[in-house]
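1. kindly generate the corresponding structure for this input.
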Amino acid sequence: MGCVLAGMSACIDDNSKGAHIPLSYITIETGEDTIYNDYGSVQAIKPEVSQTIAGKELAYEWRVRYMVSAGEDAKGDSLKFVSTEPVLEYTFPKLGEFQVRLRVTNGDVNEMHFFTVLVQTPFNEGLLVLSADEQKKGRTSFLRAKNERDVVTGTGFEFKLHAFEAVNPEFSFNDPTDVVKARQKLLISCRESQVMYVADNRTFDLQSVLDIKHDVAWMHPVTVAAYDVPQGYADVTKFVLLSEKGDFCFFDLNSMFTYEDKEAFPDAGVYDRCYVNNEACYYFVDNTHSRIDYFMWYMTMLISKFDSGDYFDGYHINNMLVTKDLAGLWTVATNRENGKVKITKFPDTKSGYGKSPFKDDKVATQELEYAVTGELTLSDESQMVENSAYHVCFYNQGAGLYQWKQTNGVDIEPLPTKPMITVEGEITCLSSSSDEAYLYLGVWNPSAETELKGSVLVYDVEKMKVVKEYKGVADRPIKIFYKKS
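-> Next up is the predicted model:
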C-alpha cells in the first residue's frame with residue numbers, strides 16, 4: 001500500500017507542481033438546441049466552443065441517433081459516430097426526430113451537448129389553399145409553418161404558389177373541387193377528368209391516381225367526404241365521393257377501388273351537398289325530394305340509415321351545420337311559397353348508435369320560423385363553421401363574414417342581417433384554426449392589382465377583425481385549412 005501511495009505522489013509532483021492540477025474547462029454555447037431541417041438538405045451545426053486555458057487542442061466527436069416512435073421502441077437507435085470536425089455537416093437519412101450529441105475533449109475534461117433535429121419536408125405542416133383559375137386549372141398554395149401560431153405572427157416563409165404541382169410536374173390537375181387529409185394522405189378530387197389524386201401528406205409525392213370513371217362512369221366528384229381518422233382505427237379506409245347534383249359512391253384507400261353499394265342503397269339520390277364528421281356520420285341534402293338522408297358506419301358496416309321524412313316538404317334546404325360533438329344538427333330552410341325561413345335544431349345523437357338524428361322521444365326538436373326582411377344572408381353556397389369556444393357559428397355570403405349566435409340560452413335566434421366584416425371581393429371559403437381563436441378566409445377579388453387574384457385573410461375571433469393578410473397567393477380559393485404533419 002505504501003508503494004502505491006508513493007507512486008501516486010510522485011506522479012502529482014512530476015506533472016503539477018505539488019498537489020495543484022490546473023484544468024482547462026470547456027464551454028459549449030449554441031443559439032438553438034432544437035433545429036428544423038429540410039429532408040435531403042445538408043444541415044450545418046456550428047457551436048461556439050471555448051475553454052478556460054487557451055491553446056489546448058480540442059477533439060470533437062459527433063454522434064447521431066434516430067428517435068423512433070414510442071409505439072415501436074421508446075429507446076430509439078444507438079448513437080452512431082458521424083464526424084470529428086468542429087462543425088457538423090450532415091444529411092439526415094429520413095424524416096422524423098434525431099438526437100445529436102457533441103462531445104468535446106482537451107485532455108483534461110470532457111464536455112457534452114445534445115441537440116434535437118426535426119427533419120421535415122417543406123410541406124410538413126402549414127396552411128394549404130386549393131384554388132382554380134377561370135380556365136379551371138388547379139393550383140395548390142402552401143404556407144409553411146412550425147406551428148399554427150406562425151400563420152398569425154408570420155412564419156418567416158413565403159407561400160409556395162405551386163406546391164403539389166412542383167413535386168409532381170407531370171400531373172397538372174383540371175377542375176379541382178375538394179382536398180382533404182385522411183390517413184396521412186392528401187386527396188384531391190377533379191370533376192372534369194373524373195379522377196382523384198392521392199399524395200403523401202408530408203411530402204406531396206403522388207402515390208396513385210384513382211380513375212373514378214373506370215369503375216363508376218357517372219361520378220363527377222365535387223366532395224371528398226373523408227375525415228382524418230384517429231390513431232387506432234386502422235380498419236377505417238372506406239369513404240364517400242359525392243357527384244355533382246347526383247348520387248354518391250364509395251372508395252377504399254387500401255385497395256384504391258371505387259364502387260357502388262346497390263344492396264344497401266338501391267335508390268339513386270340527387271344530392272346537393274354532403275357533410276361528414278369524425279364519427280363516420282354522413283348527412284346528404286336532397287332538395288329534389290326535400291329531405292336529408294343520414295347514414296352511419298362502423299368500420300365498413302352500415303349501422304344506421306335514416307331520413308328526415310316529410311319534415312322539409314314545401315321547403316328548400318339552404319344549409320346545415322353538424323356540431324363537432326354530435327350534440328345537435330342545425331338546418332336552415334326556406335318555404336318555397338311564402339319565403340319564410342325555418343331554423344331547426346334536431347335532437348342529440350351522441351348517446352348511442354342506431355339512433356335517428358331527426359327524432360328523439362326524450363329530446364324535443366327546437367324550431368323557429370320567421371319572415372325575412374330583405375335578402376337572406378345565408379345561401380346554398382355558404383360554408384358554416386362552428387365555434388364551440390364562443391358558442392357561435394360563422395358563415396360567408398358574398399363579401400361578408402357573418403357571426404350567428406344560434407340561441408340565447410333558451411330560444412333559437414334568427415340569422416344575422418349585418419356582417420362582422422366586409423372584404424374587397426368575395427369570401428369563397430373559410431375554416432377555423434385548431435384552437436378556434438382564428439378563421440382562415442379565402443378571398444377572390446378579380447379587381448385586385450396582384451397577378452393572382454386570390455388572397456388569404458386571418459380573422460381574430462375575439463378582436464373581431466382581420467389581423468393578417470396574404471395577398472395574391474392563389475387563384476379563386478376552393479378550400480383552405482391548416483394541415484398538420
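2. from here on, contacts and neighbour counts on C-alpha atoms
-> Noted.
3. quick check, central residue of the chain?
-> K483 (2.7 Å; Cα atoms, centre = their mean).
4. which strand residues bridge it?
-> G126 (DSSP bridges).
5. one more: F295?
-> Beta-bridge partners, per DSSP bridges, of F295: Y282, K305.
6. so who does it touch?
-> By Cα atoms under 8 Å, 6 or more residues apart in numbering, the residues touching F295 are 281-283, 302-306.
7. roughly how far does it sit from K213?
-> 24 Å (Cα to Cα, to the nearest Å).
8. doesn't F142 make contact with the residue nearest to the centre of the chain?
-> No. Look at K483 against F142 with Cα atoms under 8 Å: they stay out of range, at 9.4 Å.
9. next, show the common contact partners of those two.
-> By Cα under 8 Å, 6+ apart, the residues touching both K483 and F142 are 126-128.
10. hang on, the earlier thing: among the contacts of F295, who's most crowded?
-> Y283 (24 neighbours; other Cα atoms under 10 Å).
11. and F164, that's in a helix?
-> Yes. Judged by DSSP: H, G, I helix; E, B strand; the rest coil, F164 forms part of a helix.
12. tell me who's in contact with it.
-> 139-140, 204-205.
13. tell me the contacts of the residue nearest to the centre of the chain?
-> 125-128, 181.
14. mark which of those are buried, thanks.
-> Taking 16 or more other Cα atoms under 10 Å as the criterion, what is buried in these is 125-128, 181.
15. what would those look like in CSV with distance to V222?
-> Rendered in CSV, the data for the buried ones among the contacts of K483 read as follows (distance: Cα to Cα, whole Å):
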residue, distance to V222
E125, 25
G126, 24
L127, 21
L128, 18
K181, 16
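16. need those residues in a markdown table (columns: distance to F251 and pLDDT).
-> Shown next, in a markdown table, are these (distance: Cα to Cα, whole Å; pLDDT from 0 to 100):
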| residue | distance to F251 | pLDDT |
| --- | --- | --- |
| E125 | 26 | 92 |
| G126 | 27 | 95 |
| L127 | 26 | 97 |
| L128 | 24 | 98 |
| K181 | 15 | 93 |
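17. which among the contacts of F295 gets closest to E413?
-> Y283 (23.5 Å; Cα to Cα).
18. look up how far L242 lies from the closest one.
-> For Y283 relative to L242 (Cα to Cα), the value is 11 Å.
19. quick check: neighbours shared by these two?
-> Going by Cα under 8 Å, 6+ apart, residues that sit against Y283 and also against L242 are C274.
20. quick one: what helix or strand has E381 in it?
-> Under DSSP states H and E, no helix or strand contains E381.
21. leaving out chain neighbours, which residue sits closest to it?
-> Q397 (7.8 Å; Cα to Cα, 6 or more residues apart in numbering).
22. who are the neighbours in contact with the one you found?
-> For Q397, the contact set (Cα under 8 Å, 6+ apart) comprises 377-379, 381-382, 426-427.
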